[in-house]
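Chemist: Give me a 3D structure for the following:
(one chain, ligands or ions: 1)
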Amino acid sequence: MKRIGVLTSGGDSPGMNAAVRAVVRKAIYHNIEVYGIYQGYSGLISGQIKKLELGSVGDIIHRGGTMLYTARCEEFKTEAGQKKGIEQLRKFGIEGLVVIGGDGSYRGAKKLTEHGFPCVGVPGTIDNDIPGTDFTIGFDTALNTVIDAIDKIRDTATSHERTYVIEVMGRHAGDIALWSGLAGGAETILIPEAEHDMEDVVARLKRGHERGKKHSIIIVAEGIGSGVEFGQKIQEATNLETRVSVLGYIQRGGSPTAFDRVLASRLGARAVELLLEGKGGRAVGIQNNALVDHDILEILDQAHTVDQTMYTLSKELSI
Ligand code: F6P
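Modeler: Sure, this is the predicted structure:
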């Protein structure tokens with residue numbers, strides 16, 4: 001293999017730049033040329049492809065977002081779109097592709113693999129919802145952004161003696177909610193992976209209030225529904241003054257944490273190694289701090305799970 005491509009796709013996540021940098025530098029280290037594909041699969045279809053040099057990825061390791069830009073591309077879900085993408089790859093002499101992104105990006109990489117094009121998936125999403133890896137690139141940074149917000153909201157919640165519902169991202173996964181809720185000392189955490197009983201939530205809030213608690217923080221994963229609607233229900237059921245904060249897109253931005261930069265560097269470099277070893281159709285990940293790779297055709301069939309013992313612990317610590 002003499003020339004590979006790299007793209008970022010779907011929702012951006014902090015650390016994607018560090019992953020792109022690792023792909024480019026690792027490939028050049030092994031005398032392989034690297035082409036950057038801009039705007040994800042949509043740029044692949046339209047041929048927005050440029051050669052990257054060592055200097056192209058200088059000064060980006062600490063930056064959020066992605067220097068390659070990103071997009072969600074409906075056309076690439078079609079057979080015709082995929083074929084156009086492969087034609088562009090062949091036109092530019094690209095023999096293998098590193099795809100950095102989440103669930104939708106992996107589906108695209110799976111399709112390319114089924115068409116016989118060697119691809120390696122690198123998990124880049126704040127949601128931490130890709131099977132076969134303990135962590136995805138960007139999750140740790142998003143988590144720290146959420147914790148910072150919880151700490152700040154806690155100040156005002158205490159001053160006003162209010163209940164706060166904080167809605168966090170995660171698509172269908174509850175990882176951001178669970179980890180930030182545990183780290184932020186939330187009274188209640190609602191995630192799609194665990195049943196919740198409204199009566200129990202209300203009873204806990206009332207108990208805390210009667211015990212003299214000055215405030216309550218409830219973390220709601222977007223996957224279970226609207227934080228605003230949930231806040232209204234809580235206010236009606238408890239008669240406690242309740243406010244809602246939907247954290248939104250701030251969770252996707254910011255300088256990546258050291259953890260995400262290291263993870264991105266390791267996974268990006270491993271993806272290049274796999275292509276050089278002639279192993280396309282893989283998805284890289286980290287499990288028990290060791291780099292692993294799985295069949296990209298099968299990885300998305302596995303269910304994403306959260307650690308239920310952590311969820312139980314969060315309840316035990318917030319009685
Ligand atoms: O996958 C990352 C993510 O931020 C999810 O947490 C969220 O549900 C989704 O993307 C939002 O997507 P969009 O950027 O298309 O609004």
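Chemist: Could you tell me which residues of the stretch 151-300 of the chain lie near the ligand?
Modeler: Within the stretch 151-300 of the chain, the positions adjacent to the ligand are M169, G170, R171, E222, R252 by CB under 6 Å from any ligand atom. In short, each C-beta sits where N, CA and C put it, glycine included.
Chemist: For the closest residue to the third one other than its chain neighbours, which three-state class applies?
Modeler: The spatial neighbour of R171 that comes closest, neighbours along the chain excluded (CB to CB, 6 or more residues apart in numbering), is D127 at 5.0 Å. Under the three-state scheme (DSSP: H, G, I helix; E, B strand; the rest coil), the conformation of D127 reads as coil.
Chemist: Do a quick rundown of the strands in this structure.
Modeler: 3-8, 33-37, 49-52, 96-101, 119-123, 163-168, 188-190, 216-221, 242-246, 282-287, 290-295 (DSSP state E).
Chemist: What mean pLDDT does stretch 94-114 get?
Modeler: This predicted structure assigns stretch 94-114 an average pLDDT of 97.
Chemist: What segments of the stretch 151-300 of the chain are helices?
Modeler: Assigned helices in the stretch 151-300 of the chain, in chain order: 175-183, 198-210, 227-238, 258-276 (criterion: DSSP state H, counting those that start in this stretch).
Chemist: could those helices be laid out in JSON lines, adding mean neighbour count?
Modeler: Formatted as JSON lines, those follow (neighbours: other CB atoms under 10 Å):
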{"stretch": "helix 175-183", "mean neighbour count": "26"}
{"stretch": "helix 198-210", "mean neighbour count": "15"}
{"stretch": "helix 227-238", "mean neighbour count": "17"}
{"stretch": "helix 258-276", "mean neighbour count": "22"}
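Chemist: now E273, nearest residue through space, not along the chain?
Modeler: Using CB to CB, 6+ apart, the nearest residue to E273 is K26, at 7.3 Å.
Chemist: Tell me how many other residues crowd G55.
Modeler: 8 (other CB atoms under 10 Å).
Chemist: swap in the one 10 residues further on?
Modeler: Neighbourhood size, G65 [other CB under 10 Å]: 17.
Chemist: got it, and the one 10 residues further on?
Modeler: Neighbour count for E75, taken as other CB under 10 Å: 15.
Chemist: contacting residues for it?
Modeler: Each residue near E75 by CB atoms under 8 Å, 6 or more residues apart in numbering is listed here: Y41, S42, I45, G81, K84.
Chemist: Wait, the second one touches T70, no?
Modeler: No: applying CB atoms under 8 Å as the test, S42 and T70 come out as separate, 9.3 Å apart.
Chemist: Tell me which of these two has more neighbours.
Modeler: Each of S42 and T70 has its neighbours counted (other CB under 10 Å); T70 has more, 25 against 22.
Chemist: For the stretch 1-150 of the chain, what lies in contact range of the ligand?
Modeler: Residues of the stretch 1-150 of the chain lying near the ligand (CB under 6 Å from any ligand atom): G11, R72, G102, T125, I126, D127.
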